[in-house]
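Asker: sequence and predicted structure, then a few things I'm wondering about:
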Amino acid sequence: MAEKWWQKAVVYQIYPKSFQDSDGDGVGDLPGITSRLPYLAKLGVDVIWLSPVYASPMDDNGYDISDYRAIAPVFGSMDDFDAMLARAHELGMKVVMDLVANHSSDEHRWFKESRSSRTNPYRDYYYWRDPVDGHEPSNMGAVFGGSIWEWDEMTAQYYLHCFSKKQPDLNWENPRVRDEVYDLMDFWLAKGVDGFRMDVIGMIAKDTTFPSGEPGPTGYSPLWPLINDDQVHVWLREMRERVLSRYDTMTVGECGGATVETAKKYANLDGSELSMVFQFEHVGLTGSPERGKWVTDKPRLSDLKRVFERWETGLEGVAWNSLYWDNHDQPRAVSRWVEASEENRERAAKMLATCLHLMKGTPYIYQGEELGMTNYPFASVEECDDLEAHDAYRMLTQDCGCSHEEAMDALREICRDNARTPMQWDDGPEAGFTTGAPWLPVNPNHAWINAAAQTDDADSVFSHYRRLIELRHESEELFVYERRLGDERMLVVCNFSKREVVFETPSRYVGSRRLANNYSEPAESVLRPFECFALLCTS
Ligand code: ISL
């Protein structure tokens, strides 16, 4: 099967609220992103994944969309979007949008119509159910706390929301809902965007009997058995047929519960569904039934190796994976995965990057990761913005019996706001992110962790990432093969590019006979432009 462009790409995720503000309102925006595109071009990334910029009441920072075809005024206008897209393309970078279609905002026109009467034509765009014995139809808990069911006085029924109550789940069983989603995908693809990161796409199909489960400490049962793992593939195939097959896109599905087996369906190299999966096994190695993800234990290296090994070998030649440590839902890698002090933070950041980027799959860099940005020293929950952090604090202190300090330790280690503090551009006021008051505080360590200090320093974390990205592109330029006859082996190495390419001669060939070469001195660990040689050894 021919290699696809997204298999040699490196993706950079932008969280627009926190990347670059251009108008001093303390919130990042599209003109701000455009102004920083040369920085990303210098880093060398191929694809930008833009977290949501659509119209939204921002209950969940844009993951609650009230108009899929409009830009939130706080981020700018559609013209600003078009300018950003054009500039990115000019600089050779593609742009992938966040498609949040498991749910909309409760302020979307569809939901306003839907809740207005039981007979409204939009009623079936969402899941509405009668009470059972005067209660919610089932006892599952939503990701951001409380029940998955919200009572709506207007029509005296409950509606389903797997996330916040301002994020009602769209009813994908309804073909009109699917048509709407395919249409809006067309709208953005026709504009020239290069694909989609699909938010919680693994959750769009539900067990519509809405079962109950064993309640945990919060009184609710976990949500995951609600997911229908078979039906989702039917709809993704339909989406491929109806929309994606008409464009050359990169699609990545956020699939929380994906296993190696289900990933072979989601991200099969036959192209029937998505390009790749974003799976969660390695970021879910810690946690407890009582406290969920809110524990301070570090993941065990042996577990991490086991998980990566299983995914690498399991998908080999069959399906494609994404490689990531960080994103806007995870704490900062250098704070979370290792016990790095400031003294060895840079080395740790480079080590984590190297470990990940040289695996098979498409690497993702989350803004600031390439600078070795760290978690934020939150002193109280009031400093956090994220609705999930507030719910977690309440759950930890009220349902789990944690003290304030214990709860804050968990938040400082795990909470999503760690990733969402403003990008650290320089050591000036507010790290060069804004001239106003930032919506989340800037980490005080911007005094020494910032882009200005790193972009021209060959030894910086930024330069290390840059080199890893180059390596990924370059490795496509080598033609290396080995021939064996009896106990003789011959290794042929050809650099098809005009650039230097890192290449480590396998140890059994070190010092062996050189048969054909176009440079007189043997290569060290770098192949020179168009260098070739053949080595012969007996094993
Ligand atoms: O961070 C999480 C809560 O612990 C994850 O479970 C997260 O909610 C899940 O990965 C889904 O994430 C996506 O959808 C959410 C949104 O809040 C996240 O930012 C987004 O990445 C709802 O749209």
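Answerer: Perfect, thanks for sending it.
Asker: quick one: contacts for the closest residue to residue 261 other than its chain neighbours?
Answerer: Spatial nearest neighbour of residue 261, chain neighbours left out: residue 314 (8.0 Å); criterion: Cβ to Cβ, 6 or more residues apart in numbering. C-beta: built from backbone N, CA, C; applies to glycine. By Cβ atoms under 8 Å, 6 or more residues apart in numbering, the residues touching residue 314 are 260, 261, 263, 264.
Asker: helix, strand, or coil at residue 314?
Answerer: Following DSSP: H, G, I helix; E, B strand; the rest coil, we place residue 314 in the helix state.
Asker: and residue 370, helix, strand or coil?
Answerer: helix.
Asker: shouldn't it be in contact with residue 461?
Answerer: Yes - in this structure residue 370 lies within contact range of residue 461 using Cβ atoms under 8 Å: 6.4 Å.
Asker: mutual contacts of those two, please.
Answerer: Joint contacts of residue 370 and residue 461 (Cβ under 8 Å, 6+ apart) are residue 353.
Asker: what's around residue 130, how many residues?
Answerer: Look at residue 130: counted by other Cβ atoms under 10 Å, it has 8 neighbours.
Asker: tell me the contacts of it?
Answerer: Shown in contact with residue 130 (Cβ under 8 Å, 6+ apart): 137, 157, 158.
Asker: how about the nearest residue to the first one, chain neighbours excluded?
Answerer: Taking Cβ to Cβ, 6+ apart as the measure, residue 137 lies nearest to residue 129, with 4.4 Å between them; neighbours along the chain are not counted.
Asker: so how far is residue 156 from the one you found?
Answerer: The gap separating residue 129 from residue 156 is 11 Å, by Cβ to Cβ, to the nearest Å.
Asker: neighbour count: these two, which is higher?
Answerer: Higher neighbour count among residue 129 and residue 156: residue 129, with 15 against 10, using other Cβ under 10 Å.
Asker: give me the pLDDT for that one.
Answerer: The score at residue 129 is 98. That number is its pLDDT.
Asker: beta partners for it?
Answerer: When assigned by DSSP bridges, residue 129 has beta-bridge partners residue 158.
Asker: from residue 123, how far out is the closest residue in space to residue 124 that isn't next to it in sequence?
Answerer: Using Cβ to Cβ, 6+ apart and skipping the chain neighbours, the partner closest in space to residue 124 is residue 174 (4.8 Å). Distance of residue 174 to residue 123, given as Cβ to Cβ: 10 Å.
Asker: also residue 4?
Answerer: Residue 4 sits 41 Å away from residue 123, going by Cβ to Cβ.
Asker: what does residue 322 show for phi and psi?
Answerer: Dihedral pair for residue 322: phi -100, psi 150, per degrees, to the nearest 10.
Asker: could you measure from residue 443 over to the ligand?
Answerer: According to Cβ to the nearest ligand atom, to the nearest Å, residue 443 and the ligand sit 20 Å apart.
Asker: correction: residue 78
Answerer: 23 Å.
Asker: so which residue is dead centre in the protein?
Answerer: residue 327 (5.0 Å; Cα atoms, centre = their mean).
Asker: okay, that residue: pLDDT?
Answerer: 98.
Asker: dump the residue contacts of it.
Answerer: 13, 364, 366, 419.
Asker: do residue 288 as well
Answerer: residue 295.
Asker: got phi/psi on it?
Answerer: phi -140, psi 160.
Asker: now residue 472
Answerer: Taking degrees, to the nearest 10, you get phi -60, psi -40 for the backbone angles of residue 472.
Asker: and residue 5, how many neighbours?
Answerer: Around residue 5 there are 13 residues (other Cβ under 10 Å).
Asker: could we number from 49 for the rest of this?
Answerer: Fine by me, first position is 49 from now on; the one you just mentioned is residue 53.
Asker: residue 143 falls within a helix, correct?
Answerer: No - the assignment for residue 143, made by three-state DSSP, is strand rather than a helix.
Asker: pull the number of nearby residues for it.
Answerer: Considering only other Cβ under 10 Å, residue 143 is surrounded by 23 other residues.
Asker: that one is in contact with residue 98, isn't it?
Answerer: Yes - counting by Cβ under 8 Å, residue 98 is a contact partner of residue 143 at 6.1 Å.
Asker: quick check: which element contains the residue of the stretch 299-448 of the chain found nearest the ligand?
Answerer: In the stretch 299-448 of the chain, the residue that lies nearest the ligand is residue 377 (3.6 Å; Cβ to the nearest ligand atom). Residue 377 belongs to no helix or strand when elements are defined using DSSP states H and E.
Asker: got a list of what it touches?
Answerer: Shown in contact with residue 377 (Cβ under 8 Å, 6+ apart): 464, 467.
Asker: hmm, try it at 7 Å
Answerer: By Cβ atoms under 7 Å, 6 or more residues apart in numbering, the residues touching residue 377 are residue 464.
Asker: how close does it sit to residue 167?
Answerer: 38 Å.
Asker: which parts of this protein sit against the ligand?
Answerer: Neighbours of the ligand within the chain, by Cβ under 6 Å from any ligand atom: 108, 111, 148, 191, 211, 247-248, 302, 304, 341, 376-377, 436, 464.
Asker: most surrounded residue in those residues?
Answerer: residue 148 (28 neighbours).
Asker: pretty sure that one is touching residue 247, no?
Answerer: Yes - using Cβ atoms under 7 Å, residue 148 is in contact with residue 247, at 4.2 Å.
Asker: which residue lies farthest from the center of this protein?
Answerer: residue 534 (48.6 Å).
Asker: so what's it scoring on pLDDT?
Answerer: 93.
Asker: try residue 128
Answerer: 98.
Asker: neighbours around it, how many?
Answerer: Count around residue 128 with other Cβ under 10 Å applied: 19.
Asker: wait, doesn't it sit right on residue 79?
Answerer: Yes - with contact defined as Cβ under 7 Å, residue 128 counts as touching residue 79 (5.5 Å).
Asker: where does the prediction get shaky in the stretch 449-587 of the chain?
Answerer: 523 (pLDDT under 70).
Asker: list the contacts of the one residue in it that gets nearest to the ligand.
Answerer: Across the stretch 449-587 of the chain, no residue is closer to the ligand than residue 464, which sits at 5.8 Å (Cβ to the nearest ligand atom). Shown in contact with residue 464 (Cβ under 7 Å, 6+ apart): 376, 377, 434, 436, 437.
Asker: and residue 461, backbone torsions?
Answerer: phi -80, psi -40.
Asker: what helix or strand is the nearest residue to it once chain neighbours are set aside located in?
Answerer: In this structure, residue 461 finds its nearest non-sequential neighbour in residue 344, 4.7 Å apart by Cβ to Cβ, 6+ apart. Assigned by DSSP H and E, residue 344 falls within no helix or strand.
Asker: partner strands of the helix or strand bottoming out on mean pLDDT in the chain and their direction?
Answerer: Lowest mean confidence among the helices and strands of the chain (mean pLDDT, DSSP states H and E): strand 549-550, at a mean of 80. Strand partners for strand 549-550, identified by DSSP bridges, are recorded as strand 574-575 (antiparallel).
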